[in-house]
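Peer 1: Got a sequence here, can you model it:
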Amino acid sequence: MFSIFKKNKKVSIDIGSIVTQDMHSHILPGIDDGAPDVDTAVSLIKGMMACGIKKFMGTPHIMSELHKNDRTTITQAYDRLKEGLALAGIDISLSYAAEYMIDENFLNVLKEGNLLTVTENKILIETPFYSEPFDIEEVLFNIEAAGYKAILAHPERYHYVDDKLAVFTKYLDRGVGLQLNILSLSGYYGSKEKEVAEKMLQEGMYSFIGTDLHHERHLKRLSFMQLDQKIVKRLEQTNWQNITI
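Peer 2: Next up is the predicted model:
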């Protein structure tokens, strides 16, 4: 696999000039592998505000085995964070949804209904990194039949993706939005993930962009990230749907 962008002058990236709302982050405290407590969450938000982000959405994992969250646990974490922000004198736009793992329990969660949506009827989903669910087409059909539209988180990071990107045909055919982790473009997750992200960006496959912020290491990379000028220009030219959230 090779990069579609020729080597170009690197420039510091102003995230706030690209999108002002982060629709994928793990800033809700103490309920998944993101911010462990309110103080850390408030610190992460301050750092993201310095990067130009003005609206924040916490999207904690919902996984049957590892992070058994639901509307109640997520709402409680949101309320704790809102209180912490108020005590710190920080007045920002904060909302919450969830990142649903397509695992053995997802269809049961879907059947129960009342899913936490990113906006209107859109839900954020993810798959295991190393293998695509064998029943993914059935799952996508059921999501649509239940009245939801899916957004697939960080598709460039899945190891079952190759340079032809044909695996995403079934997602795009069903109107599934694809969400870029901006850190992927910096090589944070690896060179393959970077190259796939560049190619998908060039081909206009992404509709949403997020930080997928979990911790200070992510924030540090985001705060000082430099990308090729051509990549930054493509980011600025993309019609990100975050602005409609």
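Peer 1: contacts and neighbour counts: CA atoms only from here.
Peer 2: OK.
Peer 1: Low-confidence ranges, this protein, go.
Peer 2: Flagging of the chain using pLDDT under 70 yields the residue ranges 1-8, 243-245.
Peer 1: got the residue ranges for the strands in the chain?
Peer 2: 10-12, 21-22, 55-58, 61-62, 93-96, 99-101, 122-126, 149-153, 177-181, 208-210, 226-228 (DSSP state E).
Peer 1: With respect to burial, which of the ones you listed scores highest?
Peer 2: Comparing the strands of the chain by mean neighbour count (mean count of other CA atoms under 10 Å), strand 61-62 ranks first with a mean of 26.
Peer 1: Just list what it packs against, helices and strands only.
Peer 2: strand 99-101 (3 or more CA pairs under 8 Å, 6 or more residues apart in numbering; DSSP states H and E).
Peer 1: can you do 10 Å?
Peer 2: For strand 61-62, the packing partners by 3 or more CA pairs under 10 Å, 6 or more residues apart in numbering; DSSP states H and E come out as helix 71-87, strand 99-101, strand 122-126.
Peer 1: Now tabulate the ones you listed in TSV and tack on distance to Y189.
Peer 2: Listed next are the helices and strands packed on strand 61-62 as TSV, based on distance: least, CA to CA, whole Å:
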stretch	distance to Y189
helix 71-87	27
strand 99-101	19
strand 122-126	16
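Peer 1: Can you measure across stretch 201-217, start residue to end residue?
Peer 2: 24 Å (CA to CA, to the nearest Å).
Peer 1: That stretch: which residues count as buried?
Peer 2: Within stretch 201-217, the residues that count as buried by 16 or more other CA atoms under 10 Å are 201-202, 205-216.
Peer 1: As CSV, those with distance to D22 would be great.
Peer 2: Below are these laid out as CSV (distance: CA to CA, whole Å):
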residue, distance to D22
L201, 18
Q202, 21
M205, 18
Y206, 15
S207, 13
F208, 9
I209, 7
G210, 5
T211, 6
D212, 8
L213, 9
H214, 13
H215, 15
E216, 16
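Peer 1: What segments of the chain are helices?
Peer 2: With DSSP state H as the criterion, the chain has helices at 15-18, 38-50, 71-87, 106-112, 136-145, 169-173, 191-202, 216-223, 229-237.
Peer 1: ranking these by burial, who's on top?
Peer 2: By mean count of other CA under 10 Å, those have helix 191-202 as the most buried, with a mean of 21.
Peer 1: which residues sit against that one?
Peer 2: Identification of contacts with helix 191-202 by CA atoms under 10 Å, 6 or more residues apart in numbering yields 1-5, 154-159, 161-165, 178, 180-188, 203-207, 230-231, 234-235, 238.
Peer 1: cool, and stretch 224-240?
Peer 2: 5-15, 17-19, 51, 179, 182-183, 185-188, 198, 201-202, 204-209, 219.
Peer 1: Quick one: closest of the helices and strands packed on strand 61-62 to V38.
Peer 2: helix 71-87 (5.8 Å; CA to CA).
Peer 1: other SSEs contacting that closest one?
Peer 2: So helix 71-87, by 3+ CA pairs under 10 Å, 6+ apart, packs with helix 38-50, strand 55-58, strand 61-62, strand 93-96.
Peer 1: please redo it, this time with the cut-off set to 7 Å
Peer 2: On a contact count with 3 or more CA pairs under 7 Å, 6 or more residues apart in numbering; DSSP states H and E, helix 71-87 meets helix 38-50.
Peer 1: what angle do the helix it packs on and helix 71-87 make?
Peer 2: Orientation check (axes from the mean of the first three to the mean of the last three CA atoms, to 10 degrees): helix 38-50 against helix 71-87 gives 70 degrees.
Peer 1: orientation of helix 38-50 relative to helix 216-223 in degrees?
Peer 2: 10 degrees.
Peer 1: And the spatially closest residue to G16 that is not a sequence neighbour, its phi and psi?
Peer 2: Nearest non-adjacent residue to G16, counting by CA to CA, 6 or more residues apart in numbering: G52, 3.9 Å away. With angles defined as degrees, to the nearest 10, G52 sits at phi 100, psi 0.
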